[in-house]
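Engineer: Fold the following and give me the result.
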Amino acid sequence: LPSEIVMKCVAEYADWGDLAKLSCVQSSWKGLVHGAADHCGIESTWQLAEALLNGTNGLERNPKLSIAYFNELAGEQPELRTEVQNANEVEEGSFTPAMRRLANCYLTGTGVDRNEEKGIAWLEKAATEGDDMEAAHELAVIYELGEHGVAVDVVAAARWFLHGAERGLPESMAE
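Structural biologist: Numbering: from 1, shown residues only. Got it, this is the predicted structure:
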(Lines give C-alpha, C1' and ligand atoms only; values in the text may rest on other atoms or scores of the structure.)
Protein backbone atom coordinates (compact mmCIF):
# COMPACT_ATOMS: atom_id res chain seq x y z
CA LEU A 1 0.00 0.00 0.00
CA PRO A 2 1.17 3.56 -0.61
CA SER A 3 2.52 5.26 2.52
CA GLU A 4 -0.17 7.98 2.36
CA ILE A 5 -2.94 5.38 2.65
CA VAL A 6 -1.16 3.57 5.49
CA MET A 7 -0.66 6.87 7.39
CA LYS A 8 -4.30 7.85 6.90
CA CYS A 9 -5.54 4.47 8.15
CA VAL A 10 -3.19 4.38 11.12
CA ALA A 11 -3.80 8.01 12.10
CA GLU A 12 -7.57 7.84 11.82
CA TYR A 13 -8.31 4.39 13.24
CA ALA A 14 -5.74 3.92 15.99
CA ASP A 15 -5.79 5.78 19.29
CA TRP A 16 -2.75 7.60 20.66
CA GLY A 17 -1.78 4.66 22.86
CA ASP A 18 -1.76 2.30 19.88
CA LEU A 19 0.43 4.72 17.93
CA ALA A 20 2.80 5.08 20.89
CA LYS A 21 3.15 1.28 21.09
CA LEU A 22 3.78 1.05 17.34
CA SER A 23 6.44 3.77 17.57
CA CYS A 24 8.43 1.48 19.89
CA VAL A 25 8.41 -1.47 17.47
CA GLN A 26 10.81 -0.11 14.89
CA SER A 27 13.27 2.79 15.11
CA SER A 28 12.04 4.29 11.84
CA TRP A 29 8.58 4.64 13.42
CA LYS A 30 9.88 6.70 16.35
CA GLY A 31 8.10 9.84 15.14
CA LEU A 32 4.81 8.07 14.42
CA VAL A 33 2.79 9.80 17.16
CA HIS A 34 3.91 13.29 16.21
CA GLY A 35 3.66 12.45 12.51
CA ALA A 36 0.05 11.32 12.93
CA ALA A 37 -0.84 14.50 14.83
CA ASP A 38 0.90 16.62 12.23
CA HIS A 39 -0.70 14.73 9.33
CA CYS A 40 -4.23 15.08 10.73
CA GLY A 41 -3.95 18.78 11.55
CA ILE A 42 -4.49 21.19 14.39
CA GLU A 43 -7.44 19.39 15.99
CA SER A 44 -5.47 16.16 16.12
CA THR A 45 -2.45 17.88 17.67
CA TRP A 46 -4.82 19.46 20.22
CA GLN A 47 -6.21 16.00 21.10
CA LEU A 48 -2.70 14.61 21.48
CA ALA A 49 -1.67 17.48 23.77
CA GLU A 50 -4.81 16.98 25.90
CA ALA A 51 -4.18 13.22 26.09
CA LEU A 52 -0.59 13.82 27.20
CA LEU A 53 -1.66 16.39 29.79
CA ASN A 54 -4.34 14.15 31.29
CA GLY A 55 -2.83 10.70 30.69
CA THR A 56 -5.75 9.50 28.59
CA ASN A 57 -6.26 7.66 25.28
CA GLY A 58 -3.66 5.03 26.17
CA LEU A 59 -0.85 7.53 26.83
CA GLU A 60 1.09 8.06 30.02
CA ARG A 61 0.77 11.51 31.52
CA ASN A 62 3.53 13.76 30.15
CA PRO A 63 2.74 17.40 31.02
CA LYS A 64 6.06 18.76 29.74
CA LEU A 65 5.58 17.31 26.27
CA SER A 66 1.95 18.42 26.36
CA ILE A 67 3.06 22.01 27.09
CA ALA A 68 5.43 21.82 24.09
CA TYR A 69 2.49 20.88 21.85
CA PHE A 70 0.29 23.61 23.36
CA ASN A 71 3.06 26.15 22.71
CA GLU A 72 3.33 24.94 19.13
CA LEU A 73 -0.44 25.26 18.68
CA ALA A 74 -0.45 28.72 20.24
CA GLY A 75 2.10 29.88 17.69
CA GLU A 76 5.00 30.09 20.13
CA GLN A 77 8.38 28.45 19.92
CA PRO A 78 8.04 25.27 22.00
CA GLU A 79 10.11 25.33 25.18
CA LEU A 80 10.82 21.62 24.81
CA ARG A 81 11.63 21.46 21.10
CA THR A 82 14.16 18.68 21.75
CA GLU A 83 11.29 16.41 22.83
CA VAL A 84 9.27 17.18 19.72
CA GLN A 85 11.72 16.27 17.00
CA ASN A 86 11.11 17.66 13.51
CA ALA A 87 7.96 19.48 14.64
CA ASN A 88 6.42 21.84 12.11
CA GLU A 89 5.06 25.21 13.15
CA VAL A 90 1.31 25.61 13.01
CA GLU A 91 0.69 27.06 9.56
CA GLU A 92 -2.45 29.02 10.32
CA GLY A 93 -0.98 31.01 13.22
CA SER A 94 -2.36 30.63 16.69
CA PHE A 95 -4.93 28.17 18.00
CA THR A 96 -6.93 30.02 20.65
CA PRO A 97 -7.91 27.04 22.85
CA ALA A 98 -4.20 26.26 23.25
CA MET A 99 -3.60 29.81 24.47
CA ARG A 100 -6.29 29.41 27.11
CA ARG A 101 -5.00 25.96 28.09
CA LEU A 102 -1.48 27.40 28.50
CA ALA A 103 -2.94 30.16 30.68
CA ASN A 104 -4.61 27.55 32.86
CA CYS A 105 -1.39 25.52 33.09
CA TYR A 106 0.63 28.55 34.19
CA LEU A 107 -2.04 29.70 36.65
CA THR A 108 -2.26 26.26 38.28
CA GLY A 109 1.33 25.04 37.79
CA THR A 110 0.29 22.06 35.66
CA GLY A 111 3.23 20.85 33.54
CA VAL A 112 5.15 24.09 34.14
CA ASP A 113 6.29 26.10 37.12
CA ARG A 114 3.41 28.18 38.38
CA ASN A 115 3.71 31.65 36.88
CA GLU A 116 0.63 33.79 37.30
CA GLU A 117 2.05 36.64 35.18
CA LYS A 118 2.48 34.32 32.20
CA GLY A 119 -0.96 32.84 32.83
CA ILE A 120 -2.60 36.27 32.76
CA ALA A 121 -0.58 37.20 29.66
CA TRP A 122 -1.81 34.06 27.86
CA LEU A 123 -5.41 34.85 28.80
CA GLU A 124 -4.99 38.39 27.48
CA LYS A 125 -3.50 37.07 24.25
CA ALA A 126 -6.38 34.61 23.85
CA ALA A 127 -8.93 37.36 24.49
CA THR A 128 -7.38 39.94 22.18
CA GLU A 129 -5.54 38.08 19.42
CA GLY A 130 -7.72 34.96 19.51
CA ASP A 131 -10.95 36.86 20.12
CA ASP A 132 -11.83 34.36 22.87
CA MET A 133 -14.77 35.81 24.78
CA GLU A 134 -14.49 33.19 27.56
CA ALA A 135 -10.88 34.22 28.16
CA ALA A 136 -12.06 37.84 28.41
CA HIS A 137 -14.69 36.83 30.94
CA GLU A 138 -12.17 34.81 32.93
CA LEU A 139 -9.84 37.83 33.01
CA ALA A 140 -12.71 40.03 34.18
CA VAL A 141 -13.44 37.68 37.06
CA ILE A 142 -9.76 37.52 38.00
CA TYR A 143 -9.56 41.32 38.14
CA GLU A 144 -12.91 41.65 39.88
CA LEU A 145 -12.03 39.18 42.65
CA GLY A 146 -8.27 39.77 42.79
CA GLU A 147 -7.34 36.16 42.05
CA HIS A 148 -3.96 34.69 41.02
CA GLY A 149 -1.90 37.42 42.64
CA VAL A 150 -3.68 40.19 40.74
CA ALA A 151 -4.87 43.19 42.75
CA VAL A 152 -8.58 43.94 42.59
CA ASP A 153 -9.11 46.32 39.68
CA VAL A 154 -12.76 47.04 38.91
CA VAL A 155 -11.88 49.21 35.91
CA ALA A 156 -9.91 46.39 34.27
CA ALA A 157 -12.68 43.95 35.23
CA ALA A 158 -15.29 46.19 33.60
CA ARG A 159 -13.15 46.50 30.46
CA TRP A 160 -12.84 42.70 30.14
CA PHE A 161 -16.55 42.16 30.91
CA LEU A 162 -17.35 44.66 28.15
CA HIS A 163 -14.95 42.87 25.78
CA GLY A 164 -16.80 39.59 26.36
CA ALA A 165 -20.24 41.20 26.23
CA GLU A 166 -19.50 42.91 22.91
CA ARG A 167 -18.73 39.48 21.48
CA GLY A 168 -21.99 38.02 22.72
CA LEU A 169 -21.05 36.14 25.89
CA PRO A 170 -24.15 36.09 28.13
CA GLU A 171 -22.11 35.77 31.35
CA SER A 172 -20.27 38.99 30.55
CA MET A 173 -23.48 40.73 29.54
CA ALA A 174 -24.95 39.93 32.95
CA GLU A 175 -22.09 41.69 34.69
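
Engineer: From now on I want contacts and neighbour counts done on CA atoms only, so please keep to that.
Structural biologist: OK.

Engineer: Mean confidence (pLDDT) on the helix or strand where H137 lies, please.
Structural biologist: Taking DSSP states H and E as the definition, H137 sits inside helix 133-145. Mean per-residue pLDDT for helix 133-145: 95.

Engineer: what's the helix or strand for the nearest residue to Y69 once chain neighbours are set aside?
Structural biologist: Nearest residue to Y69 in three dimensions, chain neighbours excluded: A49, at 5.7 Å (Cα to Cα, 6 or more residues apart in numbering). Element membership for A49, per DSSP H and E: helix 42-54.

Engineer: for that helix, what is the average pLDDT?
Structural biologist: Per-residue scores along helix 42-54 average to 90.

Engineer: what number of residues lie near S44?
Structural biologist: 17 (other Cα atoms under 10 Å).

Engineer: Quick one: residues contacting it.
Structural biologist: By Cα atoms under 8 Å, 6 or more residues apart in numbering, the residues touching S44 are A37, D38.

Engineer: 7 Å - rerun?
Structural biologist: When contacts are counted by Cα atoms under 7 Å, 6 or more residues apart in numbering, S44 touches A37.
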